[in-house]
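1. Here is my input, please return the structure:
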Amino acid sequence: LGGAAQASNVYWQVGGGTGATLGTYSTFNGNILSATQVVMQTGAVLHGRALAQTAVTLDANPVGL
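-> Numbers count the residues shown, from 1 in each chain. Down below sits the predicted model:
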């Protein structure tokens, strides 16, 4: 993120049947709003929030704001 942008002010809306998946050892900045689920594979890092109507699945993941 550049300038004065902060992860807490960026929102990503995910539709569709599969939801959002953060790949192994990836880094994501922002907030995820998913109609179904959010899956964070091993070692994925989230700087923000993961909000889903069904499930948020974590596998050894650091999450911070």
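
2. which residue ranges form the strands in the protein?
-> Per DSSP state E, the chain carries strands over the ranges 11-14, 20-22, 27-29, 31-34, 37-40, 45-47, 50-52, 55-57, 63-64.

3. out of these, nearest to Leu1?
-> Closest approach to Leu1 among the strands of the chain (CB to CB): strand 27-29, 5.7 Å. Every C-beta, even on glycine, is put in place using the N, C-alpha and C of the backbone.

4. Next, the buried residues of the closest one.
-> By 16 or more other CB atoms under 10 Å, the buried positions in strand 27-29 come out as Phe28.

5. Give the other helices and strands that it contacts.
-> strand 45-47 (3 or more CB pairs under 8 Å, 6 or more residues apart in numbering; DSSP states H and E).

6. What are the buried residues along the strand it packs on?
-> Here strand 45-47 shows 46-47 as buried, counting by 16+ other CB under 10 Å.

7. before we move on, back to that, can you list the strands of the chain in a markdown table and add distance to Ala5 and mean pLDDT?
-> A markdown table is the format used below for these (distance: least, CB to CB, whole Å; pLDDT from 0 to 100):
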| stretch | distance to Ala5 | mean pLDDT |
| --- | --- | --- |
| strand 11-14 | 12 | 93 |
| strand 20-22 | 19 | 95 |
| strand 27-29 | 9 | 92 |
| strand 31-34 | 13 | 95 |
| strand 37-40 | 21 | 94 |
| strand 45-47 | 12 | 91 |
| strand 50-52 | 19 | 94 |
| strand 55-57 | 24 | 93 |
| strand 63-64 | 16 | 74 |
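
8. Mind putting the ones you listed into JSON lines with distance to Ala4?
-> Compiled in JSON lines, the strands of the chain are given as follows (distance: least, CB to CB, whole Å):
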{"stretch": "strand 11-14", "distance to Ala4": "17"}
{"stretch": "strand 20-22", "distance to Ala4": "25"}
{"stretch": "strand 27-29", "distance to Ala4": "14"}
{"stretch": "strand 31-34", "distance to Ala4": "17"}
{"stretch": "strand 37-40", "distance to Ala4": "27"}
{"stretch": "strand 45-47", "distance to Ala4": "15"}
{"stretch": "strand 50-52", "distance to Ala4": "24"}
{"stretch": "strand 55-57", "distance to Ala4": "28"}
{"stretch": "strand 63-64", "distance to Ala4": "19"}
